[in-house]
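Chemist: Next come a sequence and a model predicted from it.
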Amino acid sequence: MPQNVRIGTRASALALTQTGHVADAIARLGDVEIETVRVRTDGDRLAGSLSTLGGTGVFVTALRDALLDGRCDVAVHSLKDLPTADPDGLALAAVPPREDPRDALCARDGLTLATLPAGATIGTGSPRRAAQLRAARPDLEVVDIRGNVDTRLGRVAGARTTPAPDPDKPSPRGDLDAVVLARAGLARLGRLDAVTEVFDADVMLPAPGQGALAVETRDTGIGVDAHSPLADALRALDHRPTRLAVLAERALLARLEAGCAAPVGALAELDDATGTLTLHAVVARTDGSAVLRRSASAQRTGSSAPDRASEEAAARSLGENLAELLLEAGAADLAELGARR
């Protein structure tokens, strides 16, 4: 008999789409029947900019509570939304293969960052994106925005939305020249048609964990050593290169003690051929007047197939060591970081 699995998710279009991908994969990989449980989070209920909503975890806490109190068996998150501290009673059971983690410009008339006219308005709810935009184009006006993907796209002059934004939650229409969104979310929603430019890492580094999903479970009964249809499916779903990359990125964020409001970006990539994990990071002033970039790499040593714990420890060390380099170079003078030297 198939194992019944309840998957907790936020109710936004993007969250439901992401959860649907995970549910389909679990069903394909294990003998399970899936039930979706929708959970409303503080990030869904509250208005205002993300930096004023209580910091890291506004999209996560309610889902974790539902998991801990047994309303669901699995919770699916955008990995970038997870606080860096390990939660009591929960385990990161799987990190599926990552979508392209880069940020994307969605502009009127096919414009790019270089061709937007001076004074053009560009919307984002992310201090990290805003700081890097101001560094690249200080002549643009960066506007703080909230809303789902279609609401944000609808604010671009001449843009179409699918479906139309919620009439009960009106927002300005066509008042911006461009917005910046995660390419991964646009890809999952089938909205890459709106993209006019995908930013390379030397222009804009993404948020740590961006483009990746996190599949959490209670840490009893469905752990990595458990044997059940769900546990087997989650082990098969876990993608080592993605897990190691996001471990390095999140270790950097944790060492800097930087929350979601800090203008910090990071991106790690594993070269399977050489076993080299390379991490790039940026810390910027919110006004874009100063930007600090550093990179570091760690190469697999010893056995060609090191154990899981050693690989993960090396990834975390890479993130922590790069954070130290940033702090030595003055990162804490540029952004509000908890870490100080």
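Modeler: Structure's in. What do you need? Values in this document were obtained by computation on a predicted structure and should not be read as measured data.

Chemist: Just give the closest residue to Arg137, not the sequence neighbours.
Modeler: Leu113 (6.1 Å; Cβ to Cβ, 6 or more residues apart in numbering). C-beta here means a position set from N, CA and C on the backbone, and glycine is covered the same way.

Chemist: neighbours of that neighbour, just the number please.
Modeler: 20 (other Cβ atoms under 10 Å).

Chemist: Okay, now the unreliable bits of the stretch 1-150 of the chain?
Modeler: 41-58 (pLDDT under 70).

Chemist: Mind telling me what element Leu270 is part of?
Modeler: strand 264-271 (DSSP states H and E).

Chemist: for the stretch 51-200 of the chain, what spans make up the strands?
Modeler: 74-78, 90-94, 103-107, 121-124, 141-144, 178-182, 197-198 (DSSP state E, counting those that start in this stretch).

Chemist: Would you format the ones you listed as CSV with mean neighbour count and distance to Arg188 included?
Modeler: Below are the strands of the stretch 51-200 of the chain laid out as CSV (neighbours: other Cβ atoms under 10 Å; distance: least, Cβ to Cβ, whole Å):
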stretch, mean neighbour count, distance to Arg188
strand 74-78, 26, 10
strand 90-94, 21, 17
strand 103-107, 26, 13
strand 121-124, 22, 19
strand 141-144, 17, 24
strand 178-182, 25, 9
strand 197-198, 18, 15
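
Chemist: between those strands, which gets nearest to Thr84?
Modeler: For Thr84, the closest of these is strand 90-94, at 11.7 Å, according to Cβ to Cβ.

Chemist: Partner strands of that closest one, with direction?
Modeler: Here strand 90-94 has these sheet partners by DSSP bridges: strand 213-218 (antiparallel).

Chemist: And for the partner strand, what's in contact with it?
Modeler: Applying Cβ atoms under 8 Å, 6 or more residues apart in numbering, the contact partners of strand 213-218 are 18, 21-22, 63-64, 67-68, 73-79, 82, 87, 89-96, 223, 230, 234, 237.

Chemist: quick one: contacts of the helix or strand following that strand?
Modeler: Later in the chain than strand 213-218, the nearest helix or strand by DSSP H and E is helix 229-237. Contact with helix 229-237 is made by 2-3, 5, 22, 25-27, 29-32, 73-74, 93-94, 96, 215, 217, 222-224, as judged by Cβ under 8 Å, 6+ apart.

Chemist: Now do helix 229-237 against strand 213-218, angle only.
Modeler: Comparing the axes of helix 229-237 and strand 213-218 via axes from the mean of the first three to the mean of the last three Cα atoms, to 10 degrees yields an angle of 150 degrees.

Chemist: May I see the buried residues of helix 229-237?
Modeler: By 16 or more other Cβ atoms under 10 Å, the buried positions in helix 229-237 come out as 229-235, 237.

Chemist: Now the terminal residues of stretch 296-310, how far apart.
Modeler: Taking Cα to Cα, to the nearest Å, stretch 296-310 runs 18 Å from one end to the other.

Chemist: Likewise for stretch 23-38?
Modeler: Termini of stretch 23-38 sit 13 Å apart (Cα to Cα).

Chemist: Could you do stretch 256-268 as well?
Modeler: End-to-end for stretch 256-268, by Cα to Cα: 16 Å.

Chemist: which stretch among the strands of the stretch 51-200 of the chain comes nearest Gly265?
Modeler: So among those, strand 103-107 is nearest, using Cβ to Cβ, at 9.0 Å.

Chemist: In terms of secondary structure, what does the closest one contact?
Modeler: Contact partners of strand 103-107 among helices and strands, from 3 or more Cβ pairs under 8 Å, 6 or more residues apart in numbering; DSSP states H and E: strand 178-182, helix 183-188, strand 197-198.

Chemist: Please consider this matter closed, and thank you.
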